[in-house]
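**Q** starting from these lines, generate the structure:
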Amino acid sequence: MDEKIKIYDSKMTKTIASMESDLAAIRAGRANPHVLDRITVDYYGAPTPLQQVANITVPEARMIQIQPWETSLIKEITKAIQTSDLGINPNTDGRVIRLVFPELTEERRKELVKDVRKKGEAAKVAVRNIRRDANESFKKLEKTDESVSEDTVKELQEEIQKLTDKYIKEIDTRIETKTKELMTV
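**A** Numbers count the residues shown, from 1 in each chain. You can find the predicted model right below:
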């Protein structure tokens, strides 16, 4: 693969990874510890990811259990979860915090599927923007570098189009997988 293409391939890969982490945060009725990835806790004055101050387990299909390494953090963790966009109220017994995920209603599932499709569409737009940037840089290269011919630019553009098609297909596949996961009761 051409060095000029590798740069854009890497950018498209990062777009997919970003979308993947967004999709992991969407819960599908089952307890998924990744919904807590974005939650930070005030730990001795520094915002710290929840995973670094507590042990997170999934004892049942619809429950996440959070056991802080210091019991003094229970209040902080509870507050962080309540102020997040999870929409789940944490229960605590003074030592452990439990998050119980309710069954998703049909209506809520459809809302989540719309959200998944929006995130997928945003990723596709990002990939297409990367393609546009690549094509513009190839055209500039033709004007500034005499060793680059019009045919070389055409080949690079075809290559970047193949790459774009590959990543768009990948995004569609992941959206489809997440949609099936959400609609499965």
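**Q** could you use CA atoms for every contact and neighbour count after this?
**A** Will do.
**Q** any regions of this protein where pLDDT drops low?
**A** For the chain, applying pLDDT under 70 flags the ranges 1, 27-29, 185.
**Q** number of residues surrounding residue 145?
**A** Applying the criterion other C-alpha atoms under 10 Å, we find 9 residues in the vicinity of residue 145.
**Q** check contacts around the closest residue in space to residue 40 that isn't next to it in sequence.
**A** The shortest distance from residue 40 to any non-neighbouring residue, by C-alpha to C-alpha, 6 or more residues apart in numbering, is to residue 49 (4.3 Å). For residue 49, the contacting residues are 37, 38, 39, 40, 41, by C-alpha atoms under 8 Å, 6 or more residues apart in numbering.
**Q** centre of the chain to the longest helix anywhere in the chain, how far?
**A** Residue-count comparison of every helix in the chain, with assignments taken from DSSP state H, identifies helix 106-144 as the longest. Relative to its parent chain, helix 106-144 has a centroid offset of 14 Å by C-alpha atoms, centre = their mean, to the nearest Å.
**Q** do the same with stretch 156-171
**A** Averaging C-alpha coordinates over stretch 156-171 and over its chain gives two centres that are 21 Å apart (C-alpha atoms, centre = their mean).
**Q** got phi/psi on the residue of the chain positioned farthest from its centre?
**A** With C-alpha atoms, centre = their mean as the measure, the chain has its most outlying C-alpha, relative to the mean C-alpha position, at residue 146: 41.7 Å. Backbone geometry at residue 146, expressed as degrees, to the nearest 10, gives phi -70, psi -20.
**Q** cool, the one 10 residues further on as well?
**A** Here the main-chain torsion angles of residue 156 (degrees, to the nearest 10) amount to phi -60, psi -40.
**Q** mind listing the strands for the protein?
**A** Assigned by DSSP state E, the strands in the chain fall at 40-43, 46-49, 54-60, 63-68, 91-92, 97-100.
**Q** and of those strands, who's closest to residue 158?
**A** strand 46-49 (42.6 Å; C-alpha to C-alpha).
**Q** circling back: are any of the contacts of residue 49 buried, and which?
**A** Among the contacts of residue 49, those classed as buried by 16 or more other C-alpha atoms under 10 Å are 39, 40, 41.
**Q** closest to residue 177 out of the residues you listed?
**A** Nearest member of the buried ones among the contacts of residue 49 to residue 177, counting by C-alpha to C-alpha, is residue 39, at 25.3 Å.
**Q** pretty sure that closest one sits against residue 80.
**A** Yes: Residue 39 lies in contact with residue 80 (C-alpha atoms under 8 Å); the separation is 6.7 Å.
**Q** phi, psi for the closest residue to residue 71 other than its chain neighbours please.
**A** Among residues not flanking residue 71 along the chain, residue 95 sits closest, at 6.1 Å (C-alpha to C-alpha, 6+ apart). Backbone dihedrals for residue 95, given as degrees, to the nearest 10, come out at phi -120, psi -30.
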